[in-house]
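> Coordinates for the following, if possible.
(one chain, ligands or ions: 1)
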Amino acid sequence: MQLLIIKNYKELSKAACIILTKELKKNPSSNIAFATGKTPKGLYKELIKANKKHLINFSKIKAFSLDEYYPIKKSDKQSYYYYLHSNLFSHINVNPSNIHLLNSEAKSPKKECSDKHCPFHNGFGMHGRTFDGAVIKMNMQKTAIIEWPRFIYLNKFERYEKRRSRIKVHKPDCIDLKVGDNVKVMETRPISKTKNFVIVEVEKK
Ligand SMILES: [Zn+2]
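Numbers count the residues shown, from 1 in each chain. Below is the predicted model of the structure:
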């Protein structure tokens, strides 16, 4: 650990900005967890200034939040979603699809669970794409098959053809599911050879 003693808050904010600038030069696609509260506000102002002067580039970073209130509307000024957007993200060149904040509006399952791949209870990390699909099969433990329509343009016939995509997804222990339910799934790091999506929301039919 390196201890820096800095004389005041303004200098501290500048020093932190320089550290992050150097880090992003080395690793432009860094994963960064942004804190909230009063302390980092000065740093965020410095980062916005540096970004406007093209001294720091956020276009490749992946942004995460450390925590969030629940439940709270994203538009609520008390939410960390609102804080991070208004104090930082809206003013820098971060790619909105690389911003991954905890969803304060998620419909959370009530049950407790010890599933180590559960995004609700064990903080299993999610990133990447999401799909909405319908459950078509569920006879395996912790796994469901979901399906959604996609449209493919056929040059030869100059029309779209409806095809169906199917994937195997992880069903956390705490989610109750039946065939026909609509679900939202999100990409994760691989859970098994054939699974790298997990169910994050269920719309009961
Ligand atoms: Zn769970």
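> how far away is residue 159 from the ion?
Distance from residue 159 to the ion, counting by CB to the ion, to the nearest Å: 43 Å. For the C-beta atoms, the positions are set from N, CA and C on the backbone; glycine is no exception.
> hey, where'd the strands end up in the chain?
Under the criterion DSSP state E, the chain contains strands at 31-34, 62-65, 99-100, 126-140, 143-154, 159-170, 182-192, 195-203.
> contact partners of the last one?
Read it as strand 195-203. 106-107, 117-119, 124, 126, 130-131, 143-144, 167-172, 175-177, 181-191 (CB atoms under 8 Å, 6 or more residues apart in numbering).
> and these, which are buried?
Listed as buried from these are 117-119, 124, 126, 131, 143-144, 167-172, 175, 177, 181, 183-186, 188, 191; burial here means 16 or more other CB atoms under 10 Å.
> restrict the residues you listed to contacts with the ion.
118, 172 (CB under 5 Å from the ion).
> Show me what counts as buried in stretch 61-75.
Buried, per 16+ other CB under 10 Å, within stretch 61-75: 61-65, 68, 72.
> now those in a markdown table, with pLDDT and distance to the ion?
Shown next, in a markdown table, are the buried residues of stretch 61-75 (pLDDT from 0 to 100; distance: CB to the ion, whole Å):
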| residue | pLDDT | distance to the ion |
| --- | --- | --- |
| 61 | 95 | 29 |
| 62 | 93 | 24 |
| 63 | 94 | 25 |
| 64 | 92 | 20 |
| 65 | 89 | 20 |
| 68 | 85 | 17 |
| 72 | 86 | 21 |
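> Quick one: find the helix or strand in the protein with the lowest mean pLDDT.
Using mean pLDDT, DSSP states H and E, strand 126-140 stands out as the lowest-scoring helix or strand of the chain, at a mean of 84.
> Give me the contacts around the helix of greatest length in the chain.
In the chain, assigned by DSSP state H, the helix with the most residues is helix 9-26. Contact with helix 9-26 is made by 4, 6, 30, 32, 40, 42-43, 45-47, 50, 55-58, 61, as judged by CB under 8 Å, 6+ apart.
> Kindly report the same for stretch 56-70.
17, 20-21, 24, 28-36, 47, 50-51, 78-81, 84, 89, 92-95, 98-104, 106, 108, 127.
> Quick one: end-to-end distance for it.
Terminal residues of stretch 56-70 are spaced 33 Å apart (CA to CA, to the nearest Å).
> got the strands of the chain as a markdown table, with distance to residue 12 columns?
Formatted as a markdown table, those follow (distance: least, CB to CB, whole Å):
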| stretch | distance to residue 12 |
| --- | --- |
| strand 31-34 | 17 |
| strand 62-65 | 22 |
| strand 99-100 | 25 |
| strand 126-140 | 31 |
| strand 143-154 | 49 |
| strand 159-170 | 43 |
| strand 182-192 | 35 |
| strand 195-203 | 38 |
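> Run through the bridge partners of the closest residue to residue 101 other than its chain neighbours.
In this structure, residue 101 finds its nearest non-sequential neighbour in residue 65, 4.3 Å apart by CB to CB, 6 or more residues apart in numbering. In this structure, residue 65 bridges to residue 34 when assessed by DSSP bridges.
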